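[1] Sequence plus predicted model, see below.
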Amino acid sequence: MLALYAHPFASFCWKVVIALHERDIAFEYRQVDDQHPEHGAALKALWPVGQFPVLVDGDTSVIESSVIIEHLDLAHGTAPPMVPADPRGALEARMLDGILDDYVHAPMQRIVGDFIRPAEQRDPLTVEQATVTLNRSYDWLEHRMSTRTWAATDRFGLADCAAAPALFYADWVVPIGAGRPHLAAYRARLLARPSVVRVVDAARPWRQYFPPGAPDRD
């Protein structure tokens, strides 16, 4: 049985869990929090940095969400892989995965991270720069999604696993807005996907802890 060290509210953990659900792969969820100190200790023994998700597959530990998803493609499940077998399709999927992680997910987290600092330690420049990056990324994605249903190739895959948590939370801190209807429609498609519905619902008990006020909306 696979084991995943993760937390239901952690956005990069969503990315992996969505892929697990999409490919109907059974796994043990080892929730990392104060109520499960043994999981935190085990996680740090596997990966001293302490970041999650981390997947344990027998004697193998796999770190980093995108690599975990590719590992699952290679070793588990019978549904279509999240990364296309076609080399050009695979490159496109990995490119979009990286863009969504680095230019949507990461700036969103920088804004949230600044918000949870003590007021005297906050850095308005960090928030300003991250907001600019998000808006530029939104504009690029708006153009891209004007002609497609999913982020890469013609089916749901790795890039969409990255997009779901990134856009879900990013829209809370820097709204996509009515001026980007194609990107907003893509976010809505993601949130209607059964695998994404499952992670959104699993995370609801922790919404109150989202710093900017945890709006009760999808």
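    Sure thing, it's come through.
[2] could you give the mean pLDDT of the helix or strand where residue 106 lies?
    Per DSSP states H and E: residue 106 is located in helix 106-115. The pLDDT scores in helix 106-115 average 92.
[3] tell me the mean pLDDT for the helix or strand following that helix?
    The helix or strand immediately downstream of helix 106-115 is helix 124-145, counting by DSSP H and E. If you average the pLDDT over helix 124-145, you get 97.
[4] Buried ones in helix 124-145, by neighbour count?
    Within helix 124-145, the residues that count as buried by 16 or more other CB atoms under 10 Å are 127, 130-131, 133-134, 137-138, 141-142, 144-145. Where you see a C-beta, it was placed from the backbone N, CA and C, and this is true even at glycine.
[5] Any idea how far the following helix or strand past it is from the middle of the chain?
    Using DSSP H and E, the helix or strand that follows helix 124-145 in sequence is helix 158-173. Remark: helix 158-173 is offset 6 Å from the chain centroid, using CA atoms, centre = their mean, to the nearest Å.
[6] Now do the helix or strand just after helix 158-173: everything it contacts.
    Going down the chain from helix 158-173, the next helix or strand is helix 181-192, by DSSP H and E. By CB atoms under 8 Å, 6 or more residues apart in numbering, the residues outside helix 181-192 that reach it are 138, 141-143, 145-146, 149, 151, 160, 163-164, 167-168, 171, 176-178, 196-197, 200, 218.
[7] With stretch 151-163 instead?
    15-16, 18-19, 22, 65-66, 69-70, 80-84, 86, 89, 92-97, 100-101, 104-105, 144-145, 148, 150, 186-187, 190, 193.
[8] Can you give me the first-to-last residue distance of it?
    With CA to CA, to the nearest Å as the measure, stretch 151-163 spans 8 Å from end to end.
[9] Ok, stretch 31-40 next?
    End-to-end distance (CA to CA), stretch 31-40: 8 Å.
[10] what mean pLDDT does it have?
    For stretch 31-40, mean pLDDT is 95.
[11] With stretch 88-102 instead?
    97.
[12] which residue sits closest to residue 9, ignoring its sequence neighbours?
    Spatial nearest neighbour of residue 9, excluding adjacent residues (CB to CB, 6 or more residues apart in numbering): residue 206 at 3.8 Å.
[13] before we move on, what about residue 92?
    residue 152 (4.5 Å).
[14] can I see the domain layout of the protein?
    When the chain is parsed with automatic domain parsing, its domains come out as 2-75, 87-197.
[15] Can you redo those domains as TSV, where the extra columns are distance to residue 211?
    Shown next, in TSV, are these (distance: least, CB to CB, whole Å):
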stretch	distance to residue 211
domain 2-75	12
domain 87-197	4
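[16] a helix runs through residue 50, doesn't it?
    No. Under DSSP: H, G, I helix; E, B strand; the rest coil, residue 50 sits outside any helix and is assigned coil.
[17] how close does it get to residue 38?
    Distance, residue 50 to residue 38, by CB to CB, to the nearest Å: 14 Å.
[18] Likewise for residue 124?
    Using CB to CB, residue 124 is found at 40 Å from residue 38.
[19] More neighbours: which of residue 50 and residue 38?
    Between residue 50 and residue 38, counting by other CB atoms under 10 Å, residue 50 is the more crowded of the two (12 against 9).
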